[in-house]
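Visitor: got a predicted structure plus its sequence, pasted below:
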Number of protein chains: 4
Amino acid sequence: MASNSIGSIFKVSSFGESHGKGVGVLLDGVPSGILVDESFITYALQRRRPGQSAITTERKEQDEFEILSGVFESKTLGSPICIWIPNTDQQSADYDNLKNIYRPGHADFTYDAKYGFRDYRGGGRSSARITAGWVAAGALAELALKQLYSDINIVAWVKQIHTISSSPSVIPKKRDQVDINIVRCPDAQAAALMESAILSAKNEGDSLGGVICCNIENLPAGLGEPVFDKLSARLAHALMSINAVKGFNMGSNPAELKGSEMNDAFISENGEIVTESNHSAGIQGGISNGMPICFDVMFKPTSTIRKTQKTVDTDGNETVLSAEGRHDPCVLPRAVPIVEAMVAITLLDLVLLNRVSRINL
Amino acid sequence: MASNSIGSIFKVSSFGESHGKGVGVLLDGVPSGILVDESFITYALQRRRPGQSAITTERKEQDEFEILSGVFESKTLGSPICIWIPNTDQQSADYDNLKNIYRPGHADFTYDAKYGFRDYRGGGRSSARITAGWVAAGALAELALKQLYSDINIVAWVKQIHTISSSPSVIPKKRDQVDINIVRCPDAQAAALMESAILSAKNEGDSLGGVICCNIENLPAGLGEPVFDKLSARLAHALMSINAVKGFNMGSNPAELKGSEMNDAFISENGEIVTESNHSAGIQGGISNGMPICFDVMFKPTSTIRKTQKTVDTDGNETVLSAEGRHDPCVLPRAVPIVEAMVAITLLDLVLLNRVSRINL
Amino acid sequence: MASNSIGSIFKVSSFGESHGKGVGVLLDGVPSGILVDESFITYALQRRRPGQSAITTERKEQDEFEILSGVFESKTLGSPICIWIPNTDQQSADYDNLKNIYRPGHADFTYDAKYGFRDYRGGGRSSARITAGWVAAGALAELALKQLYSDINIVAWVKQIHTISSSPSVIPKKRDQVDINIVRCPDAQAAALMESAILSAKNEGDSLGGVICCNIENLPAGLGEPVFDKLSARLAHALMSINAVKGFNMGSNPAELKGSEMNDAFISENGEIVTESNHSAGIQGGISNGMPICFDVMFKPTSTIRKTQKTVDTDGNETVLSAEGRHDPCVLPRAVPIVEAMVAITLLDLVLLNRVSRINL
Amino acid sequence: MASNSIGSIFKVSSFGESHGKGVGVLLDGVPSGILVDESFITYALQRRRPGQSAITTERKEQDEFEILSGVFESKTLGSPICIWIPNTDQQSADYDNLKNIYRPGHADFTYDAKYGFRDYRGGGRSSARITAGWVAAGALAELALKQLYSDINIVAWVKQIHTISSSPSVIPKKRDQVDINIVRCPDAQAAALMESAILSAKNEGDSLGGVICCNIENLPAGLGEPVFDKLSARLAHALMSINAVKGFNMGSNPAELKGSEMNDAFISENGEIVTESNHSAGIQGGISNGMPICFDVMFKPTSTIRKTQKTVDTDGNETVLSAEGRHDPCVLPRAVPIVEAMVAITLLDLVLLNRVSRINL
């Protein structure tokens, strides 16, 4: 797999830099005949867009996209789809003073170590801005999935910010239930506390991390490729690709259950085999079993903070850094659609791969 | 990436079934000139071997391997290396009664859902037995890594069994410090408790899960490919491929830190740029920064238990299951070398990929 | 390999349709630090551009390109490079009458058979217009190759048009020697005959095919991957990807030589091992031996002709077709830079792959 | 694509060396449910086997194969299939005197240039012996193809040896018609001349090349992936991977036809759209059109000859070489099943890829 592509059949390649001309994705292996509802792509991008609320960055990108290829008369042709999102509000001059400084927590030092050279403006290639393209790709993948399985349902939400947790009993069934507040936490009480915590951090020039939970319903059994493309491993790969993600966990702490508690008993229900409990979170042996799939994605706090920090310049001389720029005190509310996008991208690929798992369909 | 292969340059393909003729790996993209010390491969396989202690399965596989190709005069030729490990102690008849039953927690049902057909003997392809091949592949990868970076150090250990945790201050520097007890936990006190817990579970016909921690030292900065082959994402993919693994976490709960706590300040030390703390666990922007890389791997309890369980047969009729067979009450002690193997496989691939990151070397 | 990508490390993905918004390429696996001389890309595109002479199509595309990503301060960043070439002179209305007709020799019928649907305007995705992107990609690859091996020399030329052949003794050493006439045949006498033949075919509403020869000099020994990525197989794959190409042949008819004639004796020359003759055309066992590499690429005549042809409509009813539109009576003069581009793309990938062929560099 | 693998879904990886323990293939992406008729694999291997007639090498390999994994109760499981063919008649001592010599026409020099090291015994990895594995893989692929399309028919034959050609009017429809003589040329008169030519060459200590033709019938329309995995490009890649192959040509010299001659008129026949002529040899725009696919594969003469040849040793000192060993004076008769195998491998992959070309099947 090349560094900027993900997927084996439905392949998403990402390109672009934060303060270059724009960001985009190239989708290859797109089957023909997918009905492209551009308003759904717009909806997804609006949920990720900067500047959407008081707790997100003040950058004003509209994130309008253009489909450059692969779609004809509103249907996919089977040829590659290039989606382009121009950068419009970059203020590159903000970054001139960062040219020779390694910002703590950022990829400045590691990019230099790898490439000997970097686009220092706004993180360049390592900026979360590139996920705009992923969200567009995910929206298209989700359109394809829904064309095949009309009931499929992918919903992510903010489950934890810093040390404040959403009630485990609140499980949203639709994105509308997640979007009822700007934190994107369906538990209104917890959401209020989270919002204040984020605003406090913002005022202190600090930032917060947390956990996004995702639930996938009505996925058919049989998805996932043993042994190195398990559905769980592919989801982990896709989610760990998102900036700031540091962990991925299926289900609710299976490490502390006994086998007799963990194992989900099979039962017959309406002529279908299902499991009584769902400790395995919908996946056994790396393959979906038809039950809901749920997992947590752990985010570290945003690296850019206003507080003064100790660091070094590119020559190794010690210096201090106080970020100016505009940035998110907490990325999680805007990361919810990114999580959903990476899930849709992964699932579409595995759905297509499943068409070649048996010689007779 | 095909379902049974992992890696982009150094590519490991796994094959074989639990109760077929044997299991193996095919390694492609192996550079020429690696000195193949077969005793190191034997050492790794011995640490994974069943029957090594009172808390592992009683199966008696010796796991002797044969290199079928790619090595000439004890050096790799640059051609593919096939390593073959014959099955010798399979008792397939043990599984005849399982032919038509879906074991809870196992992949029986999901394999049938995917392929319409399965090798029901001992889990077939979904058995952890196939990781014997991975351990052999990992040992070869580690030999290659050490030939390039003599100081590189990959050490995994059992950090938690069920609810018993090792002291966080005990960080083993060598595998010998891990192998001092049969649990492979370097904290002797915790290890004793873990051992009793495992034996109790065994007596009850139950099983336990837990957490394996891994530490990688002296890895050069600059490894990992943005944006979809981040070192963190590739490690997550590789580790989540191991049977029973349900989660992967970098560092120590970054979701609950503030940005000002999480960010690791850069400092100069002996003319080299390092970080003062290591909350990012050695990875920034998906690329290694030269500091130790550490992460946790979450294992669910073994699915095979002796306790009677409710389930259904392949026609959906309800039935009960009491496993006979031989199995591990807790897989973690034997999984330690598997974790190390998957790390070495991942790192060698990224080390090779790094040779093409700059046009002028 | 996905359908619209070529290469394993240096990966070129093509996108766009003939009468959509434009055509482009996305280059992944591009090492950092390549100096991007945009004028060289312009030069290559000018040689492929329609409307450049009396024997090419009258379409007036200027083929101006834009680099959307991956280049910063005139150097490659190591991140993906997207190159975009807008369509400017498409006259889609010309194709309305072709919507329901299968043009003989074209891909209309086969695209419908595959995708159930096609962009009928100007061939859509199957148009040779998409090779504009390949030429841009090839120019960048050639810049990288020259940065590594300043002497490397890739020269293609028209060797045969219909039944008229260039003298085998005329072997151009530079592209200037090829561009001395509009046919791109360095043998002036043959070129004159070829030019008249093409003009006659044009007047008759017919078209001609032929052979392009390519010579690669000063390539290091050791390039090419056994066993399925032999340099010869990779070149064949790349060249056979060009529209209208029907054959690929190394050297001069080795099928009719005896072993004692074919085998090239090794000799020592200035302390270097070279071969006395070069019947193997620079490749042995699929790997370059340091001698010039030469091969022929066979082109069928352009499918679009003005002459009336019998065919069927999409419902299978018989009809006749007389193409209007603008088209090339012979594609070979404009295909010369396409051949060179596909060679450069292939070589750069194999050069990079060679960096991982030995564990110690 | 890794160096020793071919295919994108159905992936064949080759391993083994001529004088090591054996040769093999690992097949990944094999759908479940293929009925494995081992006698068909044996039949294919027997046709490739050395020592089968007076005009092949005297080596006595029986080429008995063993399926190590992936097949259960005579059906493919969907897991990888490893097929192993032990070496039994290698006489490695024959090659001791070649340890330090570069044989003209062979890959000795180029392997050293690439890897700095080689298995000098019998060509090692560059030996045509490894194609035994490919033939086994091709036989399995053909079984799968026939399970899907019972009428599919792949027949290759010797069309030319040195300067002796088979009559173009003799087109065999079955392999039995090819196997009527030891040359595998269905034109009895030409075959007799070919046989004497080969025997003369053998007596002179020389070798001959030639052309193998292949015809594929009853393949559905729509196979092949634009733009870089065209059926023609994929066939070229696969065929050019065979040892000694130097050229690949579709149809009968399209370079010398005019467009009005080349273009195949579409007509309706029994309610199906077919072409009146078949100059495009069954492929348009890189995709099959349902007509027979035919192509020529050009083989150079065997490099190993008994005649004394001038060459150098590994230090560059001039020396002479007279091969002893056992070798084929002409590889074409034994290469016929290898050509068919590479075709079947390529087609099965493209058939599977076609299952994901449309979102609604």
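Guide: Perfect, thanks for sending it.
Visitor: contacts and neighbour counts: CA atoms only from here.
Guide: OK.
Visitor: going along the chain, name the strands of the stretch 151-300 of chain A.
Guide: If DSSP state E, counting those that start in this stretch is used as the criterion, the strands of the stretch 151-300 of chain A fall at A:153-161, A:164-165, A:210-217, A:245-250, A:266-269, A:272-275, A:283-284, A:287-288, A:293-299.
Visitor: out of the ones you listed, nearest to chain C?
Guide: Comparing these by their distance to chain C (CA to the nearest CA), the top pick is strand A:245-250, with 20.7 Å.
Visitor: A:G259 reaches B:S303, doesn't it?
Guide: Yes - taking contact to mean CA atoms under 8 Å, the distance of 5.9 Å between A:G259 and B:S303 places them in contact.
Visitor: redo the strands of the stretch 151-300 of chain A as a markdown table? Include distance to chain C and mean pLDDT.
Guide: Listed next are those as a markdown table, based on distance: least, CA to the nearest CA, whole Å; pLDDT from 0 to 100:
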| stretch | distance to chain C | mean pLDDT |
| --- | --- | --- |
| strand A:153-161 | 27 | 98 |
| strand A:164-165 | 38 | 98 |
| strand A:210-217 | 28 | 98 |
| strand A:245-250 | 21 | 98 |
| strand A:266-269 | 39 | 96 |
| strand A:272-275 | 35 | 96 |
| strand A:283-284 | 28 | 96 |
| strand A:287-288 | 24 | 98 |
| strand A:293-299 | 24 | 98 |
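Visitor: would you mind putting those into TSV with mean neighbour count and distance to D:I345 alongside?
Guide: Rendered in TSV, the data for these read as follows (neighbours: other CA atoms under 10 Å in any protein chain shown; distance: least, CA to CA, whole Å):
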stretch	mean neighbour count	distance to D:I345
strand A:153-161	26	38
strand A:164-165	18	54
strand A:210-217	23	37
strand A:245-250	27	38
strand A:266-269	18	40
strand A:272-275	19	38
strand A:283-284	28	32
strand A:287-288	27	28
strand A:293-299	26	37
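Visitor: any chance of these in CSV, with distance to B:A54 too?
Guide: Formatted as CSV, the entries for the strands of the stretch 151-300 of chain A read as follows, by distance: least, CA to CA, whole Å:
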stretch, distance to B:A54
strand A:153-161, 41
strand A:164-165, 41
strand A:210-217, 39
strand A:245-250, 30
strand A:266-269, 31
strand A:272-275, 33
strand A:283-284, 28
strand A:287-288, 32
strand A:293-299, 34
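Visitor: can you put these in CSV and add distance to chain D?
Guide: Listed next are those as CSV, based on distance: least, CA to the nearest CA, whole Å:
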stretch, distance to chain D
strand A:153-161, 19
strand A:164-165, 40
strand A:210-217, 21
strand A:245-250, 25
strand A:266-269, 24
strand A:272-275, 22
strand A:283-284, 17
strand A:287-288, 14
strand A:293-299, 24
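Visitor: looking at these, which is nearest to C:D229?
Guide: Each of those was scored for nearness to C:D229 using CA to CA, and the closest is strand A:287-288 (33.0 Å).
Visitor: strand partners (parallel or antiparallel) of that closest one?
Guide: If you go by DSSP bridges, strand A:287-288 pairs up with strand A:283-284 (antiparallel).
Visitor: I appreciate the help and will end here.
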